[in-house]
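J.: quick one: sequence and predicted model below, then my questions.
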Amino acid sequence: MSNTAQDDSFQLYDLRVEVVCPPGKRIMCGAKEGDYFTMQGEMIYLPPNQGISIYSLAAVMPLLPAKQRVTSPNDWMTTDALIACPDPNCPSQLQITREGIRTFSHSETTIVPLHHK
């Protein structure tokens with residue numbers, strides 16, 4: 001078995017998801033301009049004493065695993081980063097920013113064996 005076959009590493013971007021809102025507009029979801037959370041692997045981290053609306057989180061959650069992965073420069077997942085608040089009366093958006101890239105090990109993230117073809 002070669003060293004390449006034994007390597008079970010993969011990489012994911014760390015993400016920062018931040019509330020943005022047009023100046024002077026009222027945010028309905030309880031967030032404040034600049035509120036954010038970060039994502040490292042499967043873990044979401046909020047700063048102390050800061051929350052996030054479950055509805056806002058539900059709107060952005062399906063996109064996060066795809067935003068963590070390396071994508072083609074031509075893919076909309078690479079370029080599109082603003083997600084509207086699900087409340088039609090709230091002008092806020094969540095901006096997803098790719099930050100540093102982190103390396104993970106398949107064997108440390110699942111018990112399912114890795115099969116190389």
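T.: Here it is on my side, so go on.
J.: list of residues touching the helix or strand hosting Thr103?
T.: Assessed by DSSP states H and E, Thr103 sits inside strand 93-105. The contact list for strand 93-105 (Cβ atoms under 8 Å, 6 or more residues apart in numbering) reads 8-21, 38, 40-41, 56, 59-60, 63-64, 67, 81-85. Where you see a C-beta, it was placed from the backbone N, CA and C, and this is true even at glycine.
J.: how distant is that strand from the center of its chain?
T.: 6 Å (Cα atoms, centre = their mean, to the nearest Å).
J.: which parts of the protein are strands?
T.: 9-20, 36-40, 43-45, 82-84, 93-105 (DSSP state E).
J.: quick check: which of those strands is nearest to Pro73?
T.: strand 93-105 (12.5 Å; Cβ to Cβ).
J.: quick one: contacts of the longest helix seen in the chain?
T.: Scanning the chain for the helix with the most residues, using DSSP state H, yields helix 54-60. When contacts are defined by Cβ under 8 Å, 6+ apart, helix 54-60 is touched by residues Val17, Val19, Cys29, Ala31, Ile83, Ala84, Cys85, Pro86, Asp87, Ser92, Leu94, Ile96.
J.: tell me which residues of that helix are tucked away?
T.: Ser56, Leu57, Ala59, Val60 (16 or more other Cβ atoms under 10 Å).
J.: and it, what's its mean pLDDT?
T.: The pLDDT scores in helix 54-60 average 92.
J.: repeat that for stretch 75-94.
T.: So the average pLDDT for stretch 75-94 ends up being 92.
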